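In: 3D, please:
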Amino acid sequence: MTSRIQKKLAVSSALAFGLLAACSDDAPNTQAPTNSDFEGIETNGNADNICLNENYTGFYAADGITVMCFDAAGNLSFWIGEDGIIGVPESEAGTPSGDTPADTGTAPVEPTSSSAATTDCDTRGATMLYVLDGITYYRAQGKTFYFDNGCNKIMLAEAVGSSSSEAAAIASSADVAVASSGDSETGSNDTPTPEAVSNGNEPSIAFAATGATVVNDNGCVSIEGSNVTVTCAGNYFFSGSSSNGQIKVLAGAQDNVYLFMNSLTLSNTTSAPVVSLNSNKTFIVANEGTSTFSDASTRNSVISFTNANGASDTTYAGACIFSKDDLTIKGSGTIKVTGNYNNGIHSSDDLRVRDNPTITVTAKNNAFKGKDLVDIEGGTLNLTATSGDGIKSDECTINGNDTTITEGKGIVNIKGGTINIEKAGDDGIQAYNYVFVNDSVSAPKITVKSTGKGIVSDDRIYINAGDIDVTSNDDGIHSNLNIYMNGGNVTVSAGDDGIHADSALHLAGSTINVTKASEGMEAFYIFAEGGITATYGTDDGWNAAGGSADPGTSSGSQWGGFGGGMMSSSKGYIVITGGYHYISASGNDIDVLDANGTAKQSGGVVIVEIPASSGGMGGSMGGRPGQSGSSGGCATNGAGGLIDTDNGFTITGGVFLGFGSQTEEYPNCTATSYTAGTAYGSANAAFAPKGSGSMILYGGSVTSVAQVNTSGMKQVTFPNGLVFYEK
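Out: Here you go, the predicted model:
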C-alpha cells in the first residue's frame, strides 16, 4: 500500500484560522458552511488537518486522498480534493455543489431512494450518507464506511496530523518497504473485520463430543464428524469443544474467509486443529471469551488437498494454527495456542495482527512465524518458544551453499501492540531481511528473553520507536549488515555483544542502556549522530573492529578478542558528530573506546569511564600517533584502557571527558584524583563519575579540568542514572 504519509495533504494556517473564525467561541457550529465561507482563502493544494478544528472530524475517502469533513452529528459538512479546492453539499438532494465534477472530480450528491449509486450489499440498517465520486458512504454506530466490490465493509481512516518524526520513520522503513512486497494490507486500512455478532443468517458451527453441527448453512460448510471444511468466502462463527476436531479452509483463490472464535476449545491428535489450505486471505477473529487450540506432539504434518485450480497438492502443516496463504488475527478476545508438534502459529505467506486480541502461544519450535512477513499493529502477544524463535520471518532463496535474501520478504514489521517473548530457545525476533519497529499505530512495547540472540536480522534493523527490553545469552541486537537506532527506549542485557552490526551501527536518536555485555556496542563503523546512550561491557565498551568476526579465519581481527589493538587489522572506524554517550568497561584487557582504525569526534558529548579497578598487562609505553605521550603525569600502557585506536583519536569539537587509571592513548590528560559522584570538567561541561580514580582525560571544548560547582547548569541524565552537566 502507499504510505498514509504520502497521501496526506498538509493544512495551511490561513485555512485553519478561517474555519475557526466561522465558529462561535461558546457553542458548536451546527450550520454547514457554504462555498462563500471559503472565498478568498488560499489553500495552495493543502488539506491535512483541515477537519481537525473545533467541530469537525476528517476521514479519507475511498481514493485515500480526498478528505471528508463531518460535523458532530455525523453530517458531511465539506470536503477537500487533492488540489485543495473545497466543496460543500447543497441542501437539495441529488444536486452537485459548488464546483462541478468536471472541475474537481470529487463533488458529492446526497442520495435519494432511487440513487444509482446504491448497493446490493447488506447494509444492516446503516444510514446512507452521500455519494462521492461514485462511492456510496454509510454510517452506523458512530462509524463511517463504504462497501468494496465484494461487499466487504471498509471503514474510513481518520485524517490525523503528521509529524516530521512520523514521516521520517515511515519513509525510512516499514510501510514503504513492506509495500514493495505487493502487500495490500500493511497499514491501518486493512480489510475490516465484519460485525462481530452474526446477523442471524450466517453459518454458526458448534463442536461437541458427538461431532460438529451447523446452523444457517450457506452451502459452503461440509462436516464429517468433528472435521469442518469451509469452501467459500464469508463469515463463520465457531463455538463449543472437541478433543479431536479441525477447522479447514479450502476456498477460492479470491475468497476472504473470516473465522469468528467464540470461546472455542479445539484440539487434534492427528493434524492441525486449524488449517487454511486455500483462500485469498484467512482471518481468525478472537471474538467472545477465550478460545484454546492445541495439537499432539506426534501427528501427521503433511496434508493432501485439491487446490483452487483443481490440481492435487500437498503442504507441510507443521503448526497448531497453519495457513498456506495470508493469515490475519484480529478482534478483541483471547486466543491460546499450544504447538506441541512444532510451531505455534505459522503462515507460509503473511502473518498479521490487527485490532486488540490477546494471543498466548507456547510452541515446541517457533511461536509466531510468517514466512514472507510478520506485521503486528496491535494486541498483546505472549510467546514462548521452547527450542526455536519467538517471532520469525525467513523467506529467502537458497542456491547451493548460497542463501539470498528475497527483496520485500522475510520482514518483521512491528508498529504497535505489546509483545512479550517470555522465552525463546533460540532467537527472540528473527528476520532474514528487515526488522522494523515503528509507532505507525501506537508505540509498541517489546520484551525479549532469549537463549540465543534477542533481535536479529540477516540484513537491516530499524528501531524508530517504542520501549524495547532485551535479555539474551548471545548478542542483544544483531544485524549481519546495518543497524539504525533512530528512536525509542532500548535496554539490553546480553551474554555477548549488546548491539552488534557487521557493517554500520547508526546511533541517531534512540535512548539506549546496555547494562550488561561483553562488547557493549560493536560494528565495523560506529556513527554516533544523536540520541542518548549508556554502555557497559566487560571487554570493550565501543569496539569498531574490521576484518572477520569469525575467530576461525586466518586474517582480519577476531572481534571482541584481547583488547582490540592486539589482534587488529587496522580497520574499524568511530565517527561521533552528535548525541550524548556514556561508555564504560571493567575487567581484564579492556578498552572502553576501541577502534581498530581511527576515531573522530566533531560534536556531541562522549564520556568514557573505567568505573572499577581493572587488571591488564601493565607497563608503560611511549606515545603513539595522535597521542601526547606521558605529559602531565599521565602514562600510557600496553593494556588498553580508556582509549585504544590503531591510528589515532582526533577531536575537533564537542565534549570529551574520560575517567580511569589506565589508557593506551589520550587527547589531553591530567593526573587528578577524582571521587565518585562529584562533578569534574569545565565551567561549561562536567560529569559526575560512577567510580573514583586518579586520571582524567579531556578534549574538544573542554580545555582543562577541575572539580566543578554545577549550580545553574543544565542536567542531562544518562539512561543508567549518571548525570552530565552543561551550559
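
In: State the number of residues packed around residue 290.
Out: Per other Cβ atoms under 10 Å, the neighbour tally for residue 290 reads 15. Backbone N, C-alpha and C define where each C-beta goes, glycine included.

In: Let me see the contact set for it.
Out: Going by Cβ atoms under 8 Å, 6 or more residues apart in numbering, residue 290 touches 263, 333-336.

In: Kindly recompute the last result at 7 Å.
Out: Residues near residue 290 by Cβ atoms under 7 Å, 6 or more residues apart in numbering: 263, 333-334, 336.

In: what's the answer for residue 353, then?
Out: Contact analysis of residue 353 by Cβ under 7 Å, 6+ apart lists 329, 359, 376-379, 381, 417.

In: Phi first, then psi, for it.
Out: Residue 353 has phi and psi values of phi -130, psi 130 when expressed as degrees, to the nearest 10.

In: Who is it paired with across the strands?
Out: Taking DSSP bridges as the rule, residue 353 bridges to residue 329, residue 376.

In: If any of the contacts of residue 290 are buried, put those into a PyMOL selection.
Out: Restricted to buried positions by 16 or more other Cβ atoms under 10 Å, the PyMOL selection for the contacts of residue 290 reads:
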select buried, resi 263+333+334+336
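
In: Mind checking which of the contacts of residue 290 are in strands?
Out: 334, 336 (DSSP state E).

In: Distance to residue 667 for the contacts of residue 290 - can I get that in TSV?
Out: Shown next, in TSV, are the contacts of residue 290 (distance: Cβ to Cβ, whole Å):
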residue	distance to residue 667
263	68
333	61
334	58
336	58
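
In: Tell me the one among the contacts of residue 290 nearest to residue 152.
Out: Closest to residue 152 out of the contacts of residue 290 is residue 333 (21.1 Å), distances taken as Cβ to Cβ.

In: Pretty sure the closest one sits against residue 357.
Out: Yes: between residue 333 and residue 357 a contact is recorded at 6.3 Å, counting by Cβ atoms under 7 Å.

In: Which helix or strand contains residue 469?
Out: Assessed by DSSP states H and E, residue 469 sits inside strand 467-472.

In: Tell me how many other residues surround the residue lying closest to residue 361 once chain neighbours are set aside.
Out: Counting by Cβ to Cβ, 6 or more residues apart in numbering, residue 361 lies nearest to residue 344, which is 3.7 Å off, once chain neighbours are set aside. Residue 344 has 33 neighbours, counted by other Cβ under 10 Å.

In: Mind listing the residues bridging to residue 723?
Out: Counting by DSSP bridges, residue 723 is bridged to residue 717.

In: now the stretch 201-350 of the chain, which segments are flagged as low pLDDT?
Out: 308 (pLDDT under 70).

In: change it to 50
Out: Residue ranges of the stretch 201-350 of the chain with pLDDT under 50: none are present.

In: per-domain residue ranges of the protein.
Out: The chain breaks down into these domains under automatic domain parsing: 4-162, 164-191+365-517, 193-357, 572-727.

In: Least reliable of those by average pLDDT, please.
Out: Mean pLDDT is lowest for domain 4-162 among those, at a mean of 52.

In: all helices of this structure, in order?
Out: Along the chain, counting by DSSP state H, helices occupy 4-7, 13-21, 101-104, 164-172, 174-179.

In: Is it correct that residue 689 is in contact with residue 674?
Out: Yes: the criterion here is Cβ under 7 Å, and residue 689 meets it with residue 674 at 6.1 Å.

In: quick one: which of the two has more around it?
Out: More crowded of residue 689 and residue 674, by other Cβ under 10 Å: residue 689, with 25 against 22.

In: and the more buried one, what is it in contact with?
Out: Contact analysis of residue 689 by Cβ under 7 Å, 6+ apart lists 609, 659, 674, 676.

In: Buried subset of the residues you listed as a ChimeraX selection?
Out: The following ChimeraX line selects those of these that are buried, judged by 16+ other Cβ under 10 Å:
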select :609,659,674
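
In: and residue 479, how many neighbours does it have?
Out: Residue 479 has 27 neighbours, counted by other Cβ under 10 Å.

In: list the contacts for it?
Out: Applying Cβ under 7 Å, 6+ apart, the residues contacting residue 479 are 457, 460-461, 501-502.

In: what about the strands in the stretch 551-700 of the chain?
Out: 573-576, 580-585, 591-595, 599-601, 605-609, 620-621, 636-637, 641-645, 649-651, 655-660, 668-670, 680-681, 685-687, 695-700 (DSSP state E, counting those that start in this stretch).

In: now the stretch 151-300 of the chain
Out: For the stretch 151-300 of the chain, the strands defined by DSSP E, counting those that start in this stretch occupy 153-155, 204-208, 211-215, 221-224, 227-230, 234-242, 246-250, 256-261, 265-268, 274-278, 281-286, 290-295.

In: Tell me the helices and strands packed up against the longest one.
Out: For strand 234-242, the elements it packs on are strand 204-208, strand 256-261, judged by 3 or more Cβ pairs under 7 Å, 6 or more residues apart in numbering; DSSP states H and E.
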